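In: Below: sequence and its predicted model.
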Amino acid sequence: MIQSQSILKSLPHVLKTVDIPALGKKIQGKVRDFYIKGDKRILVTTDRQSAFDVILGCIPYKGSVLNLLSAFWFEKTEHIVPNHMIASPDSNVLIGKNCDPIPVEMVVRGYISGVTNTSIWGSYQKGERIIYGLSFPEGLKKNQKLSTPVITPTTHGGGKGGHDERLTKEQIIERKIVDKKLYEQMEKAALALFDFGSKLCNKRGLILVDTKYEFGLYKGKLTLIDEIHTPDSSRFWIGKTYLSRFKKGLEPENFDKEFLRLWYAKRGYKGDGKPPEMAKQLIVDLAKRYIAVYEKITGKKFKVYKYPIEERIEKAILSYEK
Ligand SMILES: Nc1ncnc2c1ncn2[C@@H]1O[C@H](COP(=O)(O)OP(=O)(O)O)[C@@H](O)[C@H]1O
Ligand SMILES: [Mg+2]
């Protein structure tokens, strides 16, 4: 296991952003910086940590963990639906097919849970039984497994103040955001990916609680883009202790961003206003968690490297581009 000391030492050099003028104009998402080159999108996953749609700080090694995990899953799920990955010339870099993004996030949930506004537990607790146009039975408890996974789509960043907005399948089709045939293709792919992911995670002692998929069209063909089954897009619980804790009414042992959200929630922050500064201990714990989740899922040891890594990344991309 990586030493807390080496995480703290790399803190001043974490990957906040990259600047590679030779690639043209840099575009930034919350976590990724990217360049568009012809029909390719060069995505650099940085160490930026976002939650509640806000950048809270940076976590050493996080960018690599996310990118390596995505690459792992993209390879493993190619037979289910085509994805954007062409190559990964560096642990922080993915060369992708540049797609026309479909502005809907397909959120799949196997459990009723969550602390955010878009979580189904939040609504269920208030007494709602039709949520995202789906009906839920009486008597569900927080963190209970659903009889079958459900899809709760949201707009992608298009909602008020950039926050994602809830949608139902019917609204998506009525508003012509996506046509029925394509939406049903996305549904099928999302459920199949979730099933595949859940099974692999179970074998590795984790529960894939919920996750989000983004799709795009590449030459007219449905393509999975962005990231897949990472701790940023998904929640993971420890399998071994889930049931006994659930029965006692205890929160599951989580292995994901929920840990971070809970840290902020405890300090009264839920995404509005200035966030409290991340404590050093929180950063260390998060870095360790990200690495642990990578190792658990892939069964591989994470190769710790020395910061700074800007030059390494630039070299890798430019020699790939040659
Ligand atoms: N292959 C692709 N083609 C087109 N868009 C993509 C592709 N892969 C990822 N994207 C988009 O690029 C951006 C990646 O940056 P990210 O930091 O993940 O953004 P966000 O803040 O939206 O999560 C996202 O807007 C994502 O939807
Ligand atoms: Mg994203």
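Out: Cool, the structure landed. Ligands and ions are numbered 1, 2, ... in the order given.
In: Tell me the bridge partners for residue 235.
Out: On the basis of DSSP bridges, residue 235 is bridged to residue 210.
In: From residue 46, how far off is it?
Out: 21 Å (C-beta to C-beta, to the nearest Å). Placement of C-beta: from N, CA and C, glycine included.
In: Same check on residue 259?
Out: Relative to residue 46, residue 259 is positioned 20 Å away (C-beta to C-beta).
In: can you check residue 148 too?
Out: 36 Å.
In: And for residue 79?
Out: According to C-beta to C-beta, residue 79 and residue 46 sit 30 Å apart.
In: Settle it for me: which of those two has more neighbours?
Out: Neighbour count, other C-beta atoms under 10 Å: between residue 79 and residue 46, residue 46 has more, with 24 against 8.
In: Contacts only, for that one.
Out: Shown in contact with residue 46 (C-beta atoms under 8 Å, 6 or more residues apart in numbering): 15-18, 31-33, 58, 63, 92.
In: Equivalent analysis for residue 44, please.
Out: By C-beta under 8 Å, 6+ apart, the contact set of residue 44 is 15, 18, 32-34, 63, 92-93, 313, 317.
In: what is the mean pLDDT for the helix or strand containing it?
Out: Assigning secondary structure by DSSP states H and E places residue 44 in strand 40-45. Across strand 40-45, the average pLDDT comes to 98.
In: right, quick check: the helix or strand following that strand against ligand 1, any contact?
Out: Proceeding N to C from strand 40-45, the next assigned helix or strand is strand 48-51, under DSSP H and E. No - using C-beta under 6 Å from any ligand atom, strand 48-51 stays clear of ligand 1, with a minimum separation of 6.8 Å.
In: Give the next helix or strand downstream of strand 48-51.
Out: That would be, after strand 48-51 and using DSSP H and E, strand 54-58.
In: Just give the strands next to that following strand in its sheet, each with its orientation.
Out: Using DSSP bridges, strand 54-58 pairs in its sheet with strand 48-51 (antiparallel).
In: List the buried residues of the strand it pairs with.
Out: Residues 48-49, 51 are the ones in strand 48-51 that count as buried (16 or more other C-beta atoms under 10 Å).
In: cool, stretch 274-283 as well?
Out: So for stretch 274-283, counting by 16+ other C-beta under 10 Å, buried means 275, 278, 282-283.
In: from these, which two are the most distant?
Out: With distances taken as C-beta to C-beta, the most widely separated pair in the buried residues of stretch 274-283 is 275 and 283, at 13.6 Å.
In: Mutual contacts of those two, please.
Out: Common neighbours of residue 275 and residue 283, counting by C-beta under 8 Å, 6+ apart, are absent.
In: The residue lying closest to residue 110 once chain neighbours are set aside: neighbouring residues, count only.
Out: The shortest distance from residue 110 to any non-neighbouring residue, by C-beta to C-beta, 6 or more residues apart in numbering, is to residue 149 (4.6 Å). For residue 149, the neighbour count with other C-beta under 10 Å is 18.
In: tell me the mean pLDDT for the strand or helix carrying residue 149?
Out: According to DSSP H and E, residue 149 maps onto strand 145-151. Averaged over strand 145-151, pLDDT sits at 97.
In: counting contacts, what elements does it pack onto?
Out: strand 100-111, helix 180-203 (3 or more C-beta pairs under 8 Å, 6 or more residues apart in numbering; DSSP states H and E).
In: quick one, the shortest one and helix 180-203 angle?
Out: The reference is to strand 100-111. Angle, strand 100-111 to helix 180-203, by axes from the mean of the first three to the mean of the last three C-alpha atoms, to 10 degrees: 50 degrees.
In: just to revisit the earlier point, what angle separates the strand holding residue 149 from helix 180-203?
Out: Using the same axes, to 10 degrees: strand 145-151 against helix 180-203 is 140 degrees.
In: Numbering from 47 from now on, please.
Out: New numbering, starting at 47: the last item is strand 191-197.
In: Following the chain onward from strand 191-197, which element is next?
Out: strand 200-201.
In: Off-centre distance for that next one?
Out: Centre-to-centre, strand 200-201 and its host chain are 15 Å apart (C-alpha atoms, centre = their mean, to the nearest Å).
In: just stretch 47-62 next, same as before
Out: Once both centres are worked out by C-alpha atoms, centre = their mean, stretch 47-62 turns out to sit 22 Å from its chain's centre.
In: how about the strand holding residue 195: buried residues?
Out: Using 16+ other C-beta under 10 Å as the test for burial, strand 191-197 gives 191-192, 195-197.
In: Thanks a lot, see you next time.
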